[in-house]
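In: Please work out how this folds:
(chains A and B)
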Amino acid sequence: MEITILPNNIKYQVAEGTSLLQVLFDAGIHIDGSCAGAGVCGCCKIQVISGKTPPPDEAETGLISQEELAQGYRLACRVHVMDDMRILVPKMKNADSRKTKLLYLPEDFIPEKTPEQTYGLAFDIGTTTVVCMLWDMHRAELIDIAAQTNPQSVFGADVITRINYCEEKPGNLKIMHEKIIDCLNELADTLIQRHNIQRDLIRKATVVGNTTMSHLFLGLSPSTLARIPFTPAFTGPKELKANEIGIRIHPDGDVYLLPNIAGHVGSDLVAGILTSRLMEKSGVHILIDLGTNGEVILQADGHTWACSTAAGPAFEGASIHHGMRAAAGAIESVKIVDGDVLVHTVDDAPPRGICGSGLIDATAALITAGIILPSGKMMSIPAAQRQLPPGLAHRLRKTDNITEFVLARGEDDREIVLNHKDVRQMQLGKGAIYSGILLLLQAAGKTVADIDSVLLAGAFGNYINKESAVVLGLLPNIPLDHIIPLGNAAGAGASIALLSSKERRYIYDKLDEIEHVELADCPNFQEEFIGAMSFPQIKAE
Amino acid sequence: MEESINKLIEAIMDGDDEVSAEAAQEIVDAKADLKPVIDKLTEAMRELGRQFEAMEIFLPEMILSADAMVAAMDIFGPILAESGDIQKKGTVVMGTAPGDMHEIGKNIVVTVLTADGFDVVDLGKNVPAIEFVNKAVETNADIIGVSALMTTTMPGATEVINILKDKGLYGKYKVIVGGAPTNPDWAKSIGADGWSESAAEAVVLVNKLMGN
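Out: Numbers count the residues shown, from 1 in each chain, chains lettered A, B, ... in the order given. Prediction:
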């Protein structure tokens, strides 16, 4: 049967009974499939323009409004092909373009320029977004950056669902491996064509990513990463020839995969150490990568500890009622001023949902306004009517017995809310990261008061409002100018390793000095985690 | 008397284990009939379950309240056993699936079942499947509970059931399963006897399975 995928008008032949999500995946169309086809996240919503379809199932009627169902909106994961179809896939652009900005190399970095004209590629394989940086190795200049959604996303937003997919049946691991290699080649091709570069002059590439991504890049089974004790199949760096791994640069070119620290502390963090110069700092410094796995590295008086925390997908907008990625229309900042709510959306588009930075802002604003209590409980409606200015009080309501706060109204009067479940998800996420910080500080015999700086790796760190993150208790309460976003620290570190063999060897050698702490094994983990779920009571200025 | 009972219930709802122990001691010292008190505790547990479901309280409050309830049961327990008024309801062997280290949810279930009068043997986290079975045999348990918080560790529950089948013990011990990624269909498909969404529901489920 023929499926026509709009707006790009891609035609694809499929067997009857194939799910539309599978079709989109096979066709290389990027769509979010956060829950890997379980029908619970609602991310893979598409519009059926024509063609017979089975009636919507419970998952769909639960996640899609009657009105939208009438317009042909369906979940791609639930619709199995029974007819020729034309479907419209919503555009996801902008979500990736953010990752192409924000590349800062440290000031003291000295690249090793090649005597003749060559080029190099630095890849940062994120669970969500894959970024490729093209470098002129002769001039040590960044030529351009390209990014695209990780094509593995269709089979789950987080690494555990991807590992699960690899285990489901033989052959799946190979699919995941090929998808990522294809993706790297596509990004390289984009840059090669855009800048008219001779492919054979690209002699070097570096690759960083979390440990699961590194395993999938090599085609190694990540199974051990999904269960105790999370031992990776390899840690050390891998040096390969381009033709061995299938990266289309000079066939004899060198491809360096940076080492990882542990099952859930990957080479992206190792790259972050290069970028931040963390291990050269005196005093107490913390490097944090806020993501589904919030990794934390603590440097204190010449020693280094690392851990990963199960922050969950909340900060990326998944598992949140109106959560979405930072694409056009995502609410990215929220302020309450003079009893009214001011929101700002990506590209100033009409609000469609809320992304990670917006969630942190919204939660912090509601905490400051007293609408969310330190325990995470939301104010009752009678109390709101008594105590809040009318502009806020009427925004608080109950739907299906869950309290929710209306943040904004989008097109067609669709209201974007933050509900009580979302607040609870934020508590789990921030509790995980903050308890990780506390437990590492304890391992080092330090306290929050000893912290000299908090360095934020990852694009997300650049978009969050630091003050909101402190109000939420996601980050420690230290002076805001001691909280420093590093931009895309993983991409910058991959670039550093590309441009300097000295730096590459430095980080290989340093790895042994990092002590990995398994948080679940800390006797007071539960106590700290539970304690860190509450919101701190910070006095408003 | 009424005052001490109210104080006890309030302490449990507030999650204050010191005050709940104090109130429980007052009740014991007054040599009051414990049966109506236990009924009130059960009621309080249901109310906590309702509040949890309605998002009014969350894990921290749930854990504190459950701890406060256990503090009271620690004091009532010996008296109840002595008087023979209320017999132990049964024995439950609980742990998290092999490979899984998430134990907060399991800990809450252990606490609320203990508070409800069950003997609970807590095997902790990352428990080998055979351990569940061995412990159940050793303690002559009624129920085995397996908690899994990752899709990748859910097969551990199936393993427990398979071992029971291999040993001809399937049916002798009822198996209950739970955890965020699990659902009733899955529980049924692996041959488990019960599944519940929350700790409060787990208490209802276990009582039902025990015919209480």
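In: Domain boundaries for the chain, per the record?
Out: In the absence of a named chain, this looks at chain A. A:2-88, A:97-270+A:495-499 (automatic domain parsing).
In: wait, I meant chain B there
Out: Following automatic domain parsing, one finds the domains of chain B at B:2-83, B:91-209.
In: now the last one, how far from the centre of its chain.
Out: The chain centroid and the centroid of domain B:91-209 are separated by 11 Å, computed with Cα atoms, centre = their mean, to the nearest Å.
In: which ones are touching whatever residue of the stretch 201-350 of chain A ends up closest to chain B?
Out: Nearest residue of the stretch 201-350 of chain A to chain B (Cβ to the nearest Cβ) works out as A:Arg227 at 2.9 Å. The way it works is simple: take the backbone N, C-alpha and C, and place the C-beta from them, glycine included. A:Arg227 sits next to B:98-100, B:150, B:152-153 when contact means Cβ atoms under 8 Å, 6 or more residues apart in numbering or on different chains.
In: Up against chain A, what does chain B have?
Out: B:54-61, B:63, B:98-104, B:107, B:125-126, B:150-153 (Cβ under 8 Å from any Cβ of the partner chain).
In: helix or strand for the nearest residue to A:Gln117 once chain neighbours are set aside, which one?
Out: Excluding the flanking residues, the one nearest A:Gln117 by Cβ to Cβ, 6 or more residues apart in numbering or on different chains is A:His138, at 4.7 Å. Using DSSP states H and E, no element contains A:His138; it sits outside every helix and strand.
In: pretty sure A:His138 contacts A:Gly120?
Out: No: in this structure A:His138 lies outside contact range of A:Gly120 using Cβ atoms under 8 Å: 10.0 Å.
In: what about the two, which has more around it?
Out: Under the criterion of other Cβ atoms under 10 Å in any protein chain shown, the comparison of A:His138 against A:Gly120 puts A:Gly120 first, with 24 against 14.
In: which one of the domains of chain B is the most hemmed in?
Out: Among the domains of chain B, domain B:91-209 has the highest mean neighbour count (mean count of other Cβ atoms under 10 Å in any protein chain shown), at a mean of 20.
In: Compute the first-to-last residue distance for that domain.
Out: End-to-end span of domain B:91-209 (Cα to Cα, to the nearest Å): 12 Å.
In: Can you give me the distance of the most far-flung residue of chain A relative to its centre to A:Leu396?
Out: Centroid-distance maximum for chain A: A:Arg386 at 40.0 Å, with Cα atoms, centre = their mean. Distance of A:Arg386 to A:Leu396, given as Cβ to Cβ, to the nearest Å: 12 Å.
In: got it, and A:Leu240?
Out: Using Cβ to Cβ, A:Leu240 is found at 56 Å from A:Leu396.
In: Settle it for me: which of those two has more neighbours?
Out: Taking other Cβ under 10 Å, A:Leu240 and A:Leu396 do not tie; A:Leu396 has more neighbours (21 against 18).
In: Now do the same contact list for the closest residue to the more buried one other than its chain neighbours.
Out: Sequence neighbours aside, A:Ala384 is the residue nearest to A:Leu396 in space, at 4.5 Å (criterion: Cβ to Cβ, 6+ apart). Contact analysis of A:Ala384 by Cβ under 8 Å, 6+ apart lists A:371, A:392-393, A:396.
In: repeat that for 10 Å
Out: By Cβ atoms under 10 Å, 6 or more residues apart in numbering or on different chains, A:Ala384 lies in contact with A:370-371, A:378, A:392-397, A:403, A:405.
In: State the pLDDT value of the closest residue to chain A within chain B.
Out: Closest approach of chain B to chain A (Cβ to the nearest Cβ) occurs at B:Gly99, with a separation of 2.9 Å. Note for B:Gly99: predicted pLDDT of 91.
In: pretty sure it belongs to a strand, no?
Out: No: under DSSP: H, G, I helix; E, B strand; the rest coil, B:Gly99 falls outside any strand and is assigned coil.
In: Excluding covalently adjacent residues, which one is nearest to it?
Out: A:Arg227 is the one closest to B:Gly99 (Cβ to Cβ, 6+ apart), at 2.9 Å.
In: what about the one you found, distance to A:Ala311?
Out: Taken as Cβ to Cβ, the span from A:Arg227 to A:Ala311 is 19 Å.
In: who's in contact with the residue nearest to A:Gln117?
Out: A:His138 makes contact with A:113-119, A:201, according to Cβ under 10 Å, 6+ apart.
In: Closest to chain B out of these?
Out: A:Tyr119 (40.2 Å).
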